[in-house]
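Asker: Prediction below, plus the sequence it came from.
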Amino acid sequence: MENIKKVSFSECLREGILLYFGNILTIVIIDLLCIIPVWLQSYMYKTQGAGKSYSVLIAVVSFAMILVNQGALYTLFHARYKGEKMGLGGSLAAGFRLSGRVFLVSLIYALAVMSGILLLIIPGIIFIFKYYFSIIAVVVEDDGTGPMKLSSVMARGYSVLIFLTMLLLTALMIPHYFLYRFPLNNVVLSFAAFTIANLITTIFQAVQYVSYARIRAIKAAEIKPEAVKNAGTGAGCGIIAGLGALLMAIIIAISVIIVRGPGISRVARAIFGSTITLSKNVKLDMPEKWWFFGPVPSGYKSYMAFASGEKGGIPGVIIRSAGLTEKDNAVLKDGKENGALRLINELEGRMYPGRESGTMTYKWDLEKPLKISKLDINGIKWSTAAVAEQKNPDTRWKVMFLKDGDRLMYLFYRAPFDKTDDKVYAADEKKLFQMMGGK
């Protein structure tokens with residue numbers, strides 16, 4: 001039996017790095033055309049928050065340039081790996097020309113993986129490996145070749161290699177984690193760091209391409225043109241897309257049934273329970289028309305309670321329980337003007353590092369002294385205040401807070417405004433107070 005040499009990860013890594021640094025100047029320019037709009041979108045979100053009128057346009061441009069970037073880089077790698085000439089102009093021209101096909105295959109790939117994950121997860125993992133090379137294939141192969149079918153054939157027997165390249169990508173993404181965890185507010189430093197992080201990630205694409213090229217060469221005899229011709233681009237892709245659309249329709253139908261049947265509240269109560277403990281002595285019991293959800297960052301208990309059904313009432317309540325540091329406790333003991341409210345603002349910012357300006361508390365006007373009142377709710381005395389927004393003084397927030405041990409519980413929600421139905425609002429507030437109790 002003929003001994004066929006397998007492609008090793010170490011060889012792909014070595015050749016991929018050589019391919020990357022051998023074309024570094026062209027790669028930098030191609031990446032910059034993609035990086036600039038993506039960085040601009042990220043930086044504006046961090047510094048100005050979401051919801052700006054031009055954010056959608058920037059997001060669309062960013063997405064389009066990511067598609068162009070994929071086509072341009074794989075075209076460059078394909079030509080230079082074979083020893084052919086390929087400059088910046090040719091790479092970019094191919095990137096723009098192929099962006100539509102890259103988008104289509106990326107969409108089908110995503111639908112296949114999503115459909116598989118919805119079908120008990122394991123099929124989704126299989127699809128990730130099976131169609132791993134599909135985007136490269138749609139860029140470098142002839143128009144008549146089906147990228148999904150070709151990728152399926154090439155991935156067979158190389159699951160370990162694919163897994164190792166995915167681990168490489170994970171390692172190369174570490175700088176991105178630090179960028180979002182410890183963001184830079186300086187424009188120049190932020191752009192430089194973002195650019196370097198993305199250039200490092202591009203090493204993965206070079207290694208991925210080399211893996212593709214070496215497997216393609218070894219399996220050349222196995223891959224018959226008629227076997228991969230148009231497979232996975234026509235009927236096959238249509239079937240996958242149809243399955244994805246069908247599954248999404250099923251999810252939407254189930255969501256509608258839940259909302260109109262038992263209701264989101266009851267389903268949420270069944271999942272999350274009907275009682276949450278904020279501290280040693282403070283708990284919340286959830287009434288019928290309120291429900292909780294939310295991620296729980298380290299050191300926090302974080303929830304959002306929504307009133308369901310009635311208009312003109314309280315749209316929602318942000319509820320937190322945060323562990324306090326010695327410095328935080330010192331701020332509360334100081335008794336300085338608006339000290340507790342400023343601490344709440346700081347605690348909210350800690351939950352969203354780099355996106356502090358997008359938090360609701362960031363808008364609060366804490367420059368003027370605010371009256372702090374006491375409110376007895378079910379035997380527990382909460383401190384309460386009404387806080388106006390800096391730029392919109394007519395928009396006010398009701399804030400309640402309570403220190404229990406080493407934790408600070410606080411919640412806030414919109415105060416009544418011009419479209420508020422006083423009776424509905426009062427009823428919602430009564431329900432909110434009913435759910436706040438002691439142990």
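Answerer: It's in.
Asker: confidence score at the residue nearest to residue 137 when sequence neighbours are not counted?
Answerer: Spatial nearest neighbour of residue 137, chain neighbours left out: residue 147 (3.7 Å); criterion: Cβ to Cβ, 6 or more residues apart in numbering. (Each C-beta comes from the backbone N, C-alpha and C, glycine too.) Note for residue 147: predicted pLDDT of 84.
Asker: Residue 147 against residue 140, yeah?
Answerer: No: Residue 147 lies out of contact with residue 140 (Cβ atoms under 8 Å); the separation is 9.5 Å.
Asker: quick one: buried residues of the helix or strand that contains residue 381?
Answerer: Assigned by DSSP states H and E, residue 381 belongs to strand 380-388. Neighbour-count burial for strand 380-388 flags 382-385, 387-388 (criterion: 16 or more other Cβ atoms under 10 Å).
Asker: closest to residue 282 among these?
Answerer: residue 382 (9.5 Å; Cβ to Cβ).
Asker: higher neighbour count, residue 147 and residue 140?
Answerer: Higher neighbour count among residue 147 and residue 140: residue 147, with 28 against 24, using other Cβ atoms under 10 Å.
Asker: gap between the more buried one and residue 115?
Answerer: Residue 147 sits 18 Å away from residue 115, taking Cβ to Cβ, to the nearest Å as the criterion.
Asker: Which positions in the helix or strand containing residue 332 come out as buried?
Answerer: If you go by DSSP H and E, residue 332 is part of helix 326-334. Within helix 326-334, the residues scored as buried using 16+ other Cβ under 10 Å are 328, 331.
Asker: If you count contacts, what does the next helix or strand after that helix end up packed against?
Answerer: Note on helix 326-334: by DSSP H and E, the next helix or strand toward the C-terminus is helix 339-351. Counting contacts by 3 or more Cβ pairs under 8 Å, 6 or more residues apart in numbering; DSSP states H and E, helix 339-351 packs against strand 317-323, helix 326-334, strand 380-388, strand 396-404, strand 407-414.
Asker: so can I have TSV of these showing distance to residue 353 and mean pLDDT?
Answerer: TSV is the format used below for those (distance: least, Cβ to Cβ, whole Å; pLDDT from 0 to 100):
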stretch	distance to residue 353	mean pLDDT
strand 317-323	14	86
helix 326-334	16	82
strand 380-388	23	89
strand 396-404	22	90
strand 407-414	19	88
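Asker: can I get these in JSON lines with distance to residue 58?
Answerer: Below are the helices and strands packed on helix 339-351 laid out as JSON lines (distance: least, Cβ to Cβ, whole Å):
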{"stretch": "strand 317-323", "distance to residue 58": "28"}
{"stretch": "helix 326-334", "distance to residue 58": "37"}
{"stretch": "strand 380-388", "distance to residue 58": "31"}
{"stretch": "strand 396-404", "distance to residue 58": "30"}
{"stretch": "strand 407-414", "distance to residue 58": "29"}
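Asker: Between those, which one is closest to residue 206.
Answerer: Minimum separation from residue 206 across the helices and strands packed on helix 339-351 (Cβ to Cβ) falls at strand 317-323, 44.1 Å.
Asker: ranges for the strands of this protein?
Answerer: Counting by DSSP state E, residue ranges of the strands within the chain are 275-277, 282-285, 292-293, 300-305, 317-323, 373-377, 380-388, 396-404, 407-414, 436-438.
Asker: Any chance of CSV for those strands, columns distance to residue 16?
Answerer: CSV is the format used below for these (distance: least, Cβ to Cβ, whole Å):
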stretch, distance to residue 16
strand 275-277, 49
strand 282-285, 53
strand 292-293, 43
strand 300-305, 41
strand 317-323, 44
strand 373-377, 62
strand 380-388, 54
strand 396-404, 53
strand 407-414, 50
strand 436-438, 58
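Asker: Specify the residue ranges that define each domain of the protein.
Answerer: For the chain, the structural domains run 9-251, 264-438, going by automatic domain parsing.
Asker: chain center to the first one, what's the gap?
Answerer: It refers to domain 9-251. The chain centroid and the centroid of domain 9-251 are separated by 17 Å, computed with Cα atoms, centre = their mean, to the nearest Å.
Asker: go on, the last one?
Answerer: Between the centre of domain 264-438 and the centre of its chain there are 25 Å (Cα atoms, centre = their mean).
Asker: ok, back up a step: ok, and what's touching the helix holding residue 332?
Answerer: Residues from elsewhere that reach helix 326-334 (Cβ atoms under 8 Å, 6 or more residues apart in numbering): 324, 339-340, 342-343, 347, 403, 406, 408.
Asker: Separate out the buried members of the residues you listed.
Answerer: Using 16+ other Cβ under 10 Å, the buried members of those are 324, 339-340, 343, 347, 403, 408.
Asker: Residue 121: which of those residues is nearest?
Answerer: Set against residue 121, the nearest of the buried ones among the contacts of helix 326-334 by Cβ to Cβ is residue 347 (35.5 Å).
Asker: separation between the closest one and residue 11?
Answerer: For residue 347, the distance to residue 11 (Cβ to Cβ) stands at 51 Å.
Asker: And residue 300, by the same measure?
Answerer: Distance, residue 300 to residue 11, using Cβ to Cβ: 46 Å.
Asker: quick one: contacts of stretch 200-209?
Answerer: Stretch 200-209 is touched from outside by 12-13, 16-17, 19-20, 27, 31, 73-74, 77-78, 81, 133, 136, 165, 168-169, 172-173, 175-176, with contacts defined as Cβ under 8 Å, 6+ apart.
Asker: All the helices of the stretch 51-200 of the chain, in order from the start?
Answerer: When assigned using DSSP state H, counting those that start in this stretch, the helices of the stretch 51-200 of the chain occupy the ranges 55-81, 88-118, 122-130, 134-140, 147-155, 159-172, 174-181, 187-218.
Asker: Residue 315: which of those is closest?
Answerer: Using Cβ to Cβ, the helices of the stretch 51-200 of the chain put helix 55-81 closest to residue 315, at 22.6 Å.
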